[in-house]
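Q: show me how the following folds:
(one chain, ligands or ions: 1)
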Amino acid sequence: MGGPGSGYYLRFDSKQTVESMYDIDIRWMKKRGLLEPGTISKISWSINGEETGSVGFQVTKSRMILNYRNQHNGGEWEDIEDEIFFTWTGCNYGGKRQWFLCPGCHRRVAIIYGGKYFRCRHCHDLTYACQQESPPFRLTRKAQKIRKRLGASLCTSDPITEKPKYMCTGRPLNY
Ligand SMILES: [Zn+2]
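A: Numbers count the residues shown, from 1 in each chain. Just a heads-up that it's a prediction; the model follows:
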């Protein structure tokens, strides 16, 4: 039947917000040398050291191929192979900056989020939850965000000023 035991998997439901989804940051990958063509590896997300999801991936010159099983809203498990192409922009000093090309809208993005497929924030129709929330709830969210940010500083390999990287093992996922 498959499921978590059979390899890479992601599980999510429609209520999840962008902050709680599985994200892949191309800068994070670059820092760890994972963008080298030929790389075959895995990315996993965890809460308190317990793995909540993972994807296998393979990098070629032009793209990244992701493999995982996916479950949406407690439904059937589905095998997914997702292809994310790269694109480059020139920057000062002659270097090149690598981006993901979102398969949904062809935007150049640094972070893609899984869902059923890995797409940019816009494609997942992810508006910040606070835009639709009443004021008290918004305050709660604000507090949660601050806690999340503090959680980020626990990972010594990432600067505190950066967006938390959920791929860092042991990092709380939700706050
Ligand atoms: Zn998109």
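Q: Glu78 contacts Gln71, doesn't it?
A: Yes - between Glu78 and Gln71 there is a contact at 7.4 Å, judged by CB atoms under 8 Å. Heads up, the C-betas are built off the backbone N, CA and C, glycines and all.
Q: of these two, which one has the most company?
A: Legend: neighbour count by other CB atoms under 10 Å for Glu78 and Gln71, higher for Gln71 (19 against 12).
Q: if I read this right, the more buried one contacts Asp79, doesn't it?
A: No - look at Gln71 against Asp79 with CB under 8 Å: they stay out of range, at 11.2 Å.
Q: neighbouring strands of the longest strand anywhere in the chain in the sheet, and parallel or not?
A: In the chain, with assignment by DSSP state E, the single longest strand is strand 77-90. Counting by DSSP bridges, the strands paired with strand 77-90 are strand 63-72 (antiparallel), strand 96-101 (antiparallel).
Q: a markdown table please, covering these and showing mean pLDDT and distance to the ion.
A: Below are the strands paired with strand 77-90 laid out as a markdown table (pLDDT from 0 to 100; distance: least, CB to the ion, whole Å):
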| stretch | mean pLDDT | distance to the ion |
| --- | --- | --- |
| strand 63-72 | 93 | 15 |
| strand 96-101 | 95 | 9 |
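Q: highest mean neighbour count out of the ones you listed?
A: Of the strands paired with strand 77-90, the one with the most neighbours on average (mean count of other CB atoms under 10 Å) is strand 63-72, at a mean of 19.
Q: which residues of the protein lie near the ion?
A: With CB under 5 Å from the ion as the criterion, the chain comes near the ion at residues 102, 104-105, 119-120, 122-123.
Q: check the secondary structure at the nearest residue to Cys105 once chain neighbours are set aside for me.
A: Excluding the flanking residues, the one nearest Cys105 by CB to CB, 6 or more residues apart in numbering is Cys123, at 5.5 Å. Taken by DSSP: H, G, I helix; E, B strand; the rest coil, the conformation at Cys123 corresponds to coil.
Q: Cys123 against Cys102, yeah?
A: Yes - contact between Cys123 and Cys102 holds when scored by CB under 8 Å: they sit 6.0 Å apart.
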